[in-house]
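Visitor: Fold the stuff below for me.
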Amino acid sequence: MQIRMSMLSYLQKAVPLRTLQYQAGHKHISSTERYNTTNTEELYKQLELFHPLR
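Guide: Residues are numbered from 1 along each chain as shown. Now for the predicted structure:
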């Protein structure tokens, strides 16, 4: 189960949500949306770029 979740989270960054839903075999999009995790690396990059005290 953990491998499946990790793979779907990884693919979520590369493919559209509807494509991921089809590949995962989910009937409802809400099942697929739970794999939409926050990319902390991207948040750190944005913080470095736009933080006023940088």
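Visitor: next one: the helix or strand containing Glu48 to chain centre, how far?
Guide: Using DSSP states H and E, Glu48 maps to helix 40-50. Relative to its parent chain, helix 40-50 has a centroid offset of 16 Å by C-alpha atoms, centre = their mean, to the nearest Å.
Visitor: and if you look at stretch 25-42?
Guide: For stretch 25-42, the distance to the chain centre is 6 Å (C-alpha atoms, centre = their mean).
Visitor: May I see the buried residues of it?
Guide: His26, Thr32, Tyr35 (16 or more other C-beta atoms under 10 Å). For the C-beta atoms, the positions are set from N, CA and C on the backbone; glycine is no exception.
Visitor: I'd assumed His28 was in contact with Arg18.
Guide: No. If you go by C-beta atoms under 8 Å, Arg18 and His28 don't touch, sitting 11.9 Å apart.
Visitor: Mind listing the shared neighbours of these two?
Guide: Common neighbours of Arg18 and His28, counting by C-beta atoms under 8 Å, 6 or more residues apart in numbering, are absent.
Visitor: Apart from its chain neighbours, what residue comes closest to the residue nearest to the spatial centre of the chain?
Guide: When C-alpha atoms, centre = their mean is applied to the chain, the residue found nearest the centroid is Asn36 (3.7 Å). Excluding the flanking residues, the one nearest Asn36 by C-beta to C-beta, 6 or more residues apart in numbering is Gln12, at 5.9 Å.
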